[in-house]
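> A predicted structure for the sequence below; I have some questions about it.
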Amino acid sequence: MDRSKNLRIDPDRLWDSLMEMAKIGPGVAGGNNRQTLTDEDAEGRALFQSWCEAAGLSMGVDTMGNMFATREGADADALPVYVGSHLDTQPTGGKYDGVLGVLGGLEVLRTLNDLDVKTKHPIVVTNWTNEEGTRFAPAMLSSGVFAGKHTQDWAYERVDAEGKSFGDELKRIGWVGDEAVGARDMHAMFELHIEQGPILEAEGKEIGVVTHGQGLRWIECTVTGKESHTGSTPMSMRKNAGRGLALVTELVHEIAMKNQPNAVGAIGHIDVYPNSRNIIPGKVVFTVDMRTHLLDKLNAMVAEFEERAPKICAEIGMEFECHIVGQFDPPAFDETCVAAVRDAAEELGYSHMDIVSGAGHDACWINDVAPTAMIMCPCVDGLSHNEAEEISKEWAQAGTDVLLHAVLNTAEIVE
């Protein structure tokens, strides 16, 4: 292993790849709109495939469109070490969320090629389909099918806002592979990602060693009142569904605050009906997002919300309904893989700290079927899911250097 201590990735090549990918599906404010299974997604996939083929990697694609680019190992019987993330973005997404993990993984293999480093285990770079879940809910859809959390038939039936199905759109863009989903066995998986939060930058740390992920519950809620004229309906006779939304919003905040630390809650998606300037809303449909890394705490937060929200709405003459539309329990990442990340950061001299991932990632599902860990690098002001999302070349290099060494420690160099 001594030979590996001086190995570093090519930061300029990595950065150039990130910028080249960002040209596909440009946003209106400097970021990206490369939503899953769009023409832009297909173009990004094709570019990634061309880079993989140029690096001598073989490409496999499964029936959920997940892409697997393989660098062969010296031992034909050794299970592969996987790295990767996702290339799809939010409608107003940044250039690095997910993309850094995929192209950082590719840069690891390019570096090994440059230096003629051979490993016992094969190494596979993965692009997971529909991690974001914006167009087709839920998030992490294809890694969820891979890990057995969803059936493929169910996933294929998910529809977007225009009623187009996941299965039809995957076929339309030409990325239905022939591999059965979940048929691949893994020795381990590492996912590099930007933090999507402000902690690392605030603490002056270059690397986040992710020990846990947050569990998540998405609760779709409907508050029903009565549509009426905003000018001629007396205040005492109104059944304003918007007021119900406001009170429930405060409830979500209250529950999250009293479960600190490492608990969050917010309402992110709201549809108001009929959404007219001079009509009191008769119905509001919205989604509550609650997260924490402790399962008992998460369940208690949801239970309190489900008990109190109907009562709050009933007190002002509203009807309230809710059901869970997305969920996963908080993962604790594999201790050996986490130690490989921490050891790599220490060996390379990068400042680091243990951290809990505040967002959901494909690694959270894969953790159920293979030893898994995550590496995080800072992002400016903790901003993500925003076109203004930004990282530095130095942060990208640090994260990818740590990924390189964690992978080498796990895949085993062959001298």
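In hand now; what should we look at? Numbering: from 1, shown residues only.

> Show me the shaky parts of this protein.
By pLDDT under 70, the low-scoring segments of the chain are 1-4.

> repeat that for 50
Low-confidence regions of the chain, defined by pLDDT under 50, span residues 1, 3.

> which residues of it fall in helices?
If DSSP state H is used as the criterion, the helices of the chain fall at 11-22, 39-54, 99-114, 141-146, 152-156, 166-172, 199-203, 241-257, 295-314, 335-348, 362-366, 393-411.

> To His269, which of those helices lies closest?
Closest approach to His269 among these is made by helix 241-257 (11.8 Å; CB to CB). (Each C-beta comes from the backbone N, C-alpha and C, glycine too.)

> For the helices of the chain, could you give me CSV that also reports distance to His229 and mean neighbour count?
Compiled in CSV, those are given as follows (distance: least, CB to CB, whole Å; neighbours: other CB atoms under 10 Å):
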stretch, distance to His229, mean neighbour count
helix 11-22, 48, 17
helix 39-54, 44, 18
helix 99-114, 49, 25
helix 141-146, 43, 28
helix 152-156, 43, 16
helix 166-172, 41, 19
helix 199-203, 48, 16
helix 241-257, 14, 19
helix 295-314, 22, 16
helix 335-348, 59, 19
helix 362-366, 48, 29
helix 393-411, 54, 24
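
> Which one, of these, ends up nearest to Glu132?
helix 141-146 (9.3 Å).

> show me the contacts for Arg158.
Arg158 is in contact with 136-137, 141, 165-166, counting by CB atoms under 8 Å, 6 or more residues apart in numbering.

> Just send the residues you listed back as TSV, with distance to Asp75 too.
Written out in TSV, the entries for these read as follows (distance: CB to CB, whole Å):
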residue	distance to Asp75
Phe136	38
Ala137	41
Leu141	33
Ser165	41
Phe166	37
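
> show me the residues around the closest residue to Trp175 other than its chain neighbours that make contact.
Nearest residue to Trp175, sequence neighbours excluded (CB to CB, 6 or more residues apart in numbering): Gly65, at 4.3 Å. Residues near Gly65 by CB under 8 Å, 6+ apart: 37, 129, 142, 170, 175-177.

> For stretch 219-232, what is the spacing between the initial and final residues?
Between the opening and closing residues of stretch 219-232 we find a distance of 34 Å, counting by CA to CA, to the nearest Å.

> Could you list the buried residues of that stretch?
219-228 (16 or more other CB atoms under 10 Å).

> For ChimeraX, write a command that selects the buried ones of the contacts of Gly65.
Buried members of the contacts of Gly65, defined by 16+ other CB under 10 Å, are picked up in ChimeraX with:
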select :37,129,142,170,175,177
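
> May I see the contacts of Gly65 arranged in CSV, with distance to Thr233 as well?
Formatted as CSV, the entries for the contacts of Gly65 read as follows, by distance: CB to CB, whole Å:
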residue, distance to Thr233
Leu37, 44
Thr129, 48
Ser142, 48
Leu170, 48
Trp175, 52
Val176, 53
Gly177, 57
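
> Show me which of the contacts of Gly65 is closest to Arg308.
The closest of the contacts of Gly65 to Arg308 turns out to be Ser142 (CB to CB; 35.5 Å).

> got the contact list for that closest one?
Listed by CB under 8 Å, 6+ apart, the contact set of Ser142 reads 64-66, 128-131, 155, 181.

> pretty sure Ala55 contacts Arg110?
Yes - under the criterion of CB atoms under 8 Å, Ala55 lies in contact with Arg110, with a separation of 5.5 Å.

> Please produce a markdown table containing the contacts of Ser142, extended by distance to Met374.
Shown next, in a markdown table, are these (distance: CB to CB, whole Å):
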| residue | distance to Met374 |
| --- | --- |
| Met64 | 21 |
| Gly65 | 22 |
| Asn66 | 18 |
| Trp128 | 13 |
| Thr129 | 19 |
| Asn130 | 19 |
| Glu131 | 13 |
| Ala155 | 23 |
| Val181 | 22 |
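
> before we move on, back to that, what separation do you get for the residue nearest to Trp175 and Ala155?
Relative to Ala155, Gly65 is positioned 10 Å away (criterion: CB to CB, to the nearest Å).

> and if you look at Ala340?
Distance from Ala340 to Ala155, counting by CB to CB: 32 Å.

> Also Asp289?
Computed as CB to CB, the Asp289 to Ala155 distance reads 21 Å.

> Same question for Asp362.
Asp362 sits 14 Å away from Ala155 when distances are taken as CB to CB.

> what residues are up against Asp343?
Each residue near Asp343 by CB under 8 Å, 6+ apart is listed here: 405-406, 409.

> Going by distance to Asp368, which of the residues you listed wins?
Out of the contacts of Asp343, the one with the shortest distance to Asp368 is Ala406. That distance is 20.0 Å, counting by CB to CB.

> Contact partners for Lys205?
Under the criterion of CB under 8 Å, 6+ apart, the contact partners of Lys205 comprise 351-353, 378.

> List just the nearest of the residues you listed to Asn240.
After measuring the contacts of Lys205 against Asn240 - CB to CB - the closest member comes out as Pro378, at 42.7 Å.

> list the contacts for Asn33?
For Asn33, the contacting residues are 25-27, 40, 89-93, taking CB under 8 Å, 6+ apart as the criterion.

> still on that earlier bit, export the contacts of Asp343 as JSON lines, with columns for distance to Asn262.
Formatted as JSON lines, the contacts of Asp343 follow (distance: CB to CB, whole Å):
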{"residue": "His405", "distance to Asn262": "28"}
{"residue": "Ala406", "distance to Asn262": "24"}
{"residue": "Asn409", "distance to Asn262": "29"}
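
> Going along the chain, name the strands of the stretch 151-300 of the chain.
Under the criterion DSSP state E, counting those that start in this stretch, the stretch 151-300 of the chain carries strands at the ranges 188-194, 207-213, 215-224, 228-229, 263-273, 279-280, 283-292.
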